[in-house]
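Got a predicted structure here, sequence first:
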Amino acid sequence: MIVEQLYTGCLAQGAYYIESDGEAAVIDPLRETAPYIRKAERADARIKYVFETHFHADFVSGHIDLAQKTGAKIVYGPNASTSYNAYNAADGEEFTLGRVRIRVLHTPGHTLESTTYLLLDETGKEHAIFTGDTLFIGDVGRPDLAIKGNLTERDLAGMLYDSLHTKIVPLANDVIVYPAHGAGSACGKNMSKETTDTLGNQKRFNYALQAKSKEQFVEQVLDGLTTAPHYFAQNARLNKEGYEPIDRVMQRGSQPLSPNAFETAVNETGGRRPGALLLDVRDAADFAAGFVPNAINIGLNGSFAPWVGALIPDLTQPIALVTPLGKEHETVLRLARVGYDNCIGYLDGGFAAWQSADKEVDTIESISAEEFVRRHAGQPNAPVVDVRKEAEFEPEHVAGAENLPLDTLNDHMAAIPRNQPVYVHCAGGYRSMVANSILKARGFDNVVNVEGGIAAIKKAAPELLIFDETNAH
């Protein structure tokens, strides 16, 4: 028996490959199918099942494409209604995979169809559980994403408590827990950086399993939940209703565009197709030094897909890409993982080709923390915008700074002055450049990026910061 976790850091997502005696199963696959197919082919195994723990909201699963390419059966637990051919397993039903078995444990709470899969080894011993978003390492799934009709988040939290205590907690302590996500995912609030653990350790250390009652559990799980990213509902719909084949998406998005063709695609208006959104995925420093006017910068070397999902509300928006050379295919794929399937191509030759074609170039002023301190001393009332989350802002921030979290920036443009320099920072520099690019595209010509963010400012001049020890962690 082989059990392998395939973890993707930028999405904090874990997919799983299980193999026994020439038969394989994949649990919660990512959009790209090739890694799973290659793995099975190398082992001379047949992918028999694709198990889905629930309708994922934070990424588009590869279950449909993988089933079509391999003949595997898509399996959900109870309460999962799809627009494509899938098998709804009953609670307690078992599936044979070579010499092992996989048992369905219906565990509603995160969503109504949420299901945990219990792996029984060759001897019938309980070996591992694949918990999806029901149980994480250090946390449990948020119960506010599947509210329908009269069903409230408190109702779902109560269901989650029952699921955990009737289906999972009774299992043996040496059972291995394999969750769908780790730290960095918006599907929970307190996930560990560890991506697997024993159930015994989780019974001892997971706060959500320490509750003395259902009422206490509900209060703890609901406390501190932030608003779910905008794209979650759209991804869940794609996973439920189906999507365009990944090969077609990749072919369309991987079209090289000359500078002239790229310019036309970005500026095209009228008819049924708006001009494409211009997305530049280079690092912040490279972007600041020169970019195609009106480009939005969301760097690949960060939480790329989640920020795309949070900031681009329409998954059908045509997108034209500027990427580092050699990163074109990766960018199209990472967008497709969260449902952005309408890339129309990339700037052939990258930004250097744009410059060589003598096209218009824009820049963003980016200064060191030391320069920010010097300027602040001369203009102490100059606007400072901190785009970190409120929970990051409260414990320490520059005195007088305005907290406009990046994912809410589009709703608060009126709070930012246009007629004077505005200094924008985050924790380290990634989010502030995203914010500056959005502001610049909206006509804010006086934005200034503070390199290194609050960490660099604190080091250069701690006296500029206000500290709230009651909110510090």
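Sure, I can see it.

Next, the residue nearest the centre of the chain: phi, psi?
Closest residue to the average C-alpha location of the chain: residue 306 at 3.6 Å, with CA atoms, centre = their mean. Residue 306 has phi and psi values of phi -60, psi -40 when expressed as degrees, to the nearest 10.

Show the contacting residues for it.
10, 11, 58, 186, 229, 338 (CB atoms under 8 Å, 6 or more residues apart in numbering). Every residue, glycine included, has its C-beta placed from N, CA and C.

now the residue lying closest to the third one once chain neighbours are set aside, what's its secondary structure?
This points to residue 58. The spatial neighbour of residue 58 that comes closest, neighbours along the chain excluded (CB to CB, 6 or more residues apart in numbering), is residue 187 at 5.8 Å. The three-state assignment at residue 187 reads coil, by DSSP: H, G, I helix; E, B strand; the rest coil.

repeat for residue 353
Assigned by three-state DSSP, the conformation of residue 353 is helix.

I figured it hits residue 257, correct?
No: taking contacts as CB atoms under 8 Å, residue 353 lies outside contact range of residue 257: 9.7 Å.

circling back: please identify which pair of the contacts of residue 306 lies farthest apart.
Pairwise distances across the contacts of residue 306 peak at 14.3 Å for 10 and 229 (criterion: CB to CB).

can you give me the helices for the stretch 301-450 of the chain?
304-311, 328-336, 350-356, 369-378, 390-393, 430-441 (DSSP state H, counting those that start in this stretch).

closest one to residue 219 among those?
Minimum separation from residue 219 across the helices of the stretch 301-450 of the chain (CB to CB) falls at helix 390-393, 18.6 Å.

Buried residues, that closest one. List them.
Neighbour counts over helix 390-393 (16 or more other CB atoms under 10 Å) mark 392, 393 as buried.

before we move on, what about stretch 292-310?
Of all the residues in stretch 292-310, those buried under the rule 16+ other CB under 10 Å are 292, 294-300, 302-310.

what comes into contact with stretch 391-400?
If you take CB under 8 Å, 6+ apart as the criterion, stretch 391-400 is touched by 380-381, 384, 386, 401, 403, 405, 425, 427, 454, 457-458, 464-469, 471-473.

List buried residues within those residues.
Of the contacts of stretch 391-400, these count as buried by 16+ other CB under 10 Å: 384, 386, 401, 403, 405, 425, 427, 454, 457, 458, 464.

out of those residues, what pair is the most spread apart?
That would be 405 and 464, which, of the buried ones among the contacts of stretch 391-400, are the farthest apart (CB to CB) at 20.5 Å.

what about the closest residue in space to residue 77 that isn't next to it in sequence, neighbour count?
Among residues not flanking residue 77 along the chain, residue 115 sits closest, at 2.8 Å (CB to CB, 6+ apart). For residue 115, the count of nearby residues is 29 (other CB atoms under 10 Å).

Okay, and the beta partners of residue 115?
Note on residue 115: beta-bridge partners residue 106, judged by DSSP bridges.

Thought residue 132 was touching it, still the case?
Yes: in this structure, residue 115 is within contact of residue 132 by CB under 8 Å, at 6.8 Å.

Identify the contacts common to the two.
By the contact definition CB under 8 Å, 6+ apart, residue 115 and residue 132 are jointly contacted by 53, 54, 107.

ok, of those residues, which come out buried?
Among the shared contacts of residue 115 and residue 132, those buried by neighbour count (16+ other CB under 10 Å) are 53, 54, 107.

Report pLDDT for the last one.
Looking at residue 107, its pLDDT stands at 98.

returning to that earlier point: and the helices of the stretch 301-450 of the chain as a markdown table, adding distance to residue 282 and mean pLDDT?
Below are these laid out as a markdown table (distance: least, CB to CB, whole Å; pLDDT from 0 to 100):
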| stretch | distance to residue 282 | mean pLDDT |
| --- | --- | --- |
| helix 304-311 | 12 | 91 |
| helix 328-336 | 10 | 97 |
| helix 350-356 | 7 | 97 |
| helix 369-378 | 22 | 95 |
| helix 390-393 | 25 | 93 |
| helix 430-441 | 10 | 97 |
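
Redo these as JSON lines? Include distance to residue 5.
Listed next are these as JSON lines, based on distance: least, CB to CB, whole Å:
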{"stretch": "helix 304-311", "distance to residue 5": "19"}
{"stretch": "helix 328-336", "distance to residue 5": "20"}
{"stretch": "helix 350-356", "distance to residue 5": "34"}
{"stretch": "helix 369-378", "distance to residue 5": "39"}
{"stretch": "helix 390-393", "distance to residue 5": "29"}
{"stretch": "helix 430-441", "distance to residue 5": "27"}
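
Let me know which of these is tucked in deepest.
Mean neighbour count (mean count of other CB atoms under 10 Å) peaks for helix 430-441 among those, with a mean of 24.

quick one: it to helix 304-311, angle?
Helix 430-441 and helix 304-311 are oriented at 40 degrees to each other (axes from the mean of the first three to the mean of the last three CA atoms, to 10 degrees).

how does this structure divide into domains?
Domain assignment for the chain by automatic domain parsing gives 2-233, 245-356, 365-471.

Next one: the residue of the chain positioned farthest from its centre from residue 265, what distance?
Distance to the chain centre peaks in the chain at residue 378, reaching 40.7 Å (criterion: CA atoms, centre = their mean). Note on residue 378: its distance to residue 265, by CB to CB, to the nearest Å, is 44 Å.

Over to residue 340?
In this view, residue 340 and residue 265 are 16 Å apart by CB to CB.

Comparing the two, which shows the higher neighbour count?
Ranked by neighbour count (other CB under 10 Å), residue 340 and residue 265 place residue 340 first, with 26 against 20.

which residues touch that one?
Going by CB under 8 Å, 6+ apart, residue 340 touches 308, 312, 315, 317, 319.

From residue 184, how far out is it?
With CB to CB as the criterion, residue 340 and residue 184 are 19 Å apart.

likewise residue 234?
For residue 234, the distance to residue 184 - CB to CB - is 20 Å.

Looking at the two, which is more packed in?
residue 234 (20 against 15).

and the next element down the chain from the helix or strand encompassing that one?
If you go by DSSP states H and E, residue 234 is part of helix 232-241. With elements assigned by DSSP H and E, the helix or strand that comes after helix 232-241 is helix 246-253.

so what secondary structure elements neighbour the helix or strand just after that next one?
Using DSSP H and E, the helix or strand that directly follows helix 246-253 along the chain is strand 256-257. On a contact count with 3 or more CB pairs under 8 Å, 6 or more residues apart in numbering; DSSP states H and E, strand 256-257 meets strand 343-347.

tell me how far the strand it packs on is from the chain's mean position?
Distance of strand 343-347 from its chain centroid, counting by CA atoms, centre = their mean, to the nearest Å, is 22 Å.

Quickly run through the sheet partners of it, with directions.
Strand 343-347 has these strand partners (DSSP bridges): strand 256-257 (parallel), strand 319-322 (parallel).
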